[in-house]
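Q: sequence below, structure please.
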Amino acid sequence: MNVLEEPSFRFFAWLFLYDWVVGVREVVSFQGDADHLTLITDMQSPLLQATQPWQVPSNIAQYLRAGVLYVTGVMIAIAGLAFVYIIAGRGHFEGLNMLELGRVGGIVWVGRPFLLLRSVTAMVLQNSGSLSHFATVHDPWYKTLLAANEVTWLITIVNDILLVATGPYAAHYVVLNGVLVWIVAAVVSIWAPVTATLSVNLTCEVEAVDYQVLCTAGTIAIGHLGRMALLMGLVLVAHGICYVVVRSYHLRASATGVTSLFLTSGAKYLFTQSPWMHNNVYYMDRASAALVGLLTLRLGAEMVVFDIKLWRVFLLPMPPKTSLPQALVVATPLRDDALR
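A: From the prediction side, this is the model:
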């Protein structure tokens, strides 16, 4: 019997049908050999269960965003500190060393873990499709270039770790390595962007009889794990190719004899040192020293140095100004005897 046929019950029938449409009632039909029976259930309010915080991806994204902002803030602060020392040194500084802000300053002040966090976060975004109101949105080309540039932070980490093996050869290819990976990553993202995919396939499995049924309506994929692995492999392969090419041509950095314990491996092999050598002592300009984590203050005939890597203060004696070139008067002499 049609529930709408009875005039006296029609009002209630429409209420039942409305409840069925909005999903608070279920209609079940029992089919038998002789007849069938169609029933409608009582009203059942939706079951509300609070999602656990660790199950919400947006919470993780907030932590990642905070880490990225921290790296950006520290790098801006380092650049500002170096600029202050450039002014304090009356313009006497090594300009090429300032190009090592990320490869030297980032490693010293930020550290590899946070740089890895920033690089991996950028690669995750670069290898994820964008959705807006169920429509695929392609990022502008300049955003793609910026995201591809963030991959170079992973190059910085790889270069710093492998300096123990590459040594003076690294100075010849670190820039080329970074540019090569940047271009390839950008071209891959522009030529074959990652797009979101959707598959609809309703499946249900009984997890526990009379207790829980797990149903999956479909799958939405916005990322591509294989593309991310490709970028990581690209970083390693590009580094190896650049090193082999430089090594095969026997290119080698000019030996300066600088073995100061104040220097990190990046500063030792990537900084320009020859113009700042005097009587076998490396006089590092104060802006470059800031990148290495050496905060300096000139007090009379001594240079007070606070090394953030060791969290110690050192007093370095300064030679008479008349015995030094003008550029070295305001520089920091790296004497290891001050470490004793």
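
Q: who's in contact with residue 119?
A: Residue 119 makes contacts with 150, 151, 152, 153, 154, 157, as judged by CB atoms under 8 Å, 6 or more residues apart in numbering. (Glycine included, C-beta is placed from N, CA and C.)

Q: does the second one touch residue 122 like I think?
A: Yes - applying CB atoms under 8 Å, one finds residue 151 in contact with residue 122, separated by 6.4 Å.

Q: next one: phi and psi at residue 315?
A: With angles defined as degrees, to the nearest 10, residue 315 sits at phi -110, psi 110.

Q: any idea how far it lies from residue 306?
A: Residue 315 sits 11 Å away from residue 306, going by CB to CB, to the nearest Å.

Q: and what of residue 204?
A: 65 Å.

Q: again with residue 248
A: 43 Å.

Q: looking at these two, which has the bigger crowd around it?
A: residue 306 (14 against 8; other CB atoms under 10 Å).

Q: contact partners of the helix or strand containing residue 238?
A: Using DSSP states H and E, residue 238 maps to helix 225-248. For helix 225-248, the surrounding residues in contact (CB under 8 Å, 6+ apart) are 123-124, 126-127, 151, 154-155, 158-159, 162, 166, 169-170, 172-173, 176-177, 180-181, 184-185, 188, 194.

Q: pull the number of nearby residues for residue 95.
A: Neighbours around residue 95, by other CB under 10 Å: 11.

Q: what's near enough to touch it?
A: Here residue 95 is in contact with no residue (CB under 8 Å, 6+ apart).

Q: check residue 167 too.
A: Residue 167 neighbours (CB under 8 Å, 6+ apart): residue 269.

Q: and the pLDDT at it?
A: The model reports residue 167 with a pLDDT of 85.

Q: same thing with residue 73?
A: Predicted confidence (pLDDT) for residue 73: 96.

Q: give me the neighbour count for it.
A: The tally of other residues near residue 73 (other CB under 10 Å) stands at 11.

Q: assign a three-state SS to it, would you?
A: helix (DSSP: H, G, I helix; E, B strand; the rest coil).

Q: from residue 154, how far out is it?
A: 20 Å.

Q: over to residue 35?
A: 70 Å.

Q: so between those two, which is more surrounded?
A: Just comparing residue 35 and residue 154: by other CB under 10 Å the higher neighbour count belongs to residue 154, 23 against 7.

Q: what's the helix or strand for the more buried one?
A: Here residue 154 sits within helix 152-166, counting by DSSP H and E.

Q: tell me what angle the helix or strand that that helix is followed by forms with helix 152-166.
A: Following helix 152-166 in sequence order, the next helix or strand is helix 170-191 (DSSP H and E). When axes from the mean of the first three to the mean of the last three CA atoms, to 10 degrees is applied, the directions of helix 170-191 and helix 152-166 differ by 150 degrees.

Q: show residues contacting helix 170-191.
A: 99, 103, 126, 141, 144-145, 147-149, 151-152, 155, 159, 162-163, 227, 230-231, 234-235, 238-239, 242-243, 245-246, 251, 253, 269-270.

Q: can I get that helix in PDB, CA atoms only?
A: Once non-C-alpha atoms are left out, helix 170-191 reads as follows in PDB (Å, rounded to 0.1, in the frame of the first residue of the first chain):
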ATOM      1  CA  ALA A 170      82.600  21.400  -3.200                       C
ATOM      2  CA  ALA A 171      83.300  25.100  -3.800                       C
ATOM      3  CA  HIS A 172      83.300  24.500  -7.600                       C
ATOM      4  CA  TYR A 173      79.900  22.900  -7.900                       C
ATOM      5  CA  VAL A 174      77.600  23.900  -5.000                       C
ATOM      6  CA  VAL A 175      76.100  26.800  -6.900                       C
ATOM      7  CA  LEU A 176      75.800  24.800 -10.100                       C
ATOM      8  CA  ASN A 177      74.200  21.900  -8.200                       C
ATOM      9  CA  GLY A 178      71.600  24.100  -6.600                       C
ATOM     10  CA  VAL A 179      70.700  25.800  -9.900                       C
ATOM     11  CA  LEU A 180      70.500  22.500 -11.700                       C
ATOM     12  CA  VAL A 181      68.100  20.900  -9.200                       C
ATOM     13  CA  TRP A 182      66.000  24.100  -9.100                       C
ATOM     14  CA  ILE A 183      65.600  24.200 -12.800                       C
ATOM     15  CA  VAL A 184      64.800  20.500 -13.200                       C
ATOM     16  CA  ALA A 185      62.300  20.500 -10.200                       C
ATOM     17  CA  ALA A 186      60.600  23.600 -11.700                       C
ATOM     18  CA  VAL A 187      60.400  22.100 -15.200                       C
ATOM     19  CA  VAL A 188      59.000  18.800 -13.900                       C
ATOM     20  CA  SER A 189      56.300  20.600 -11.800                       C
ATOM     21  CA  ILE A 190      55.300  22.900 -14.700                       C
ATOM     22  CA  TRP A 191      55.400  20.200 -17.500                       C
END
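
Q: okay then, goodbye and thanks.
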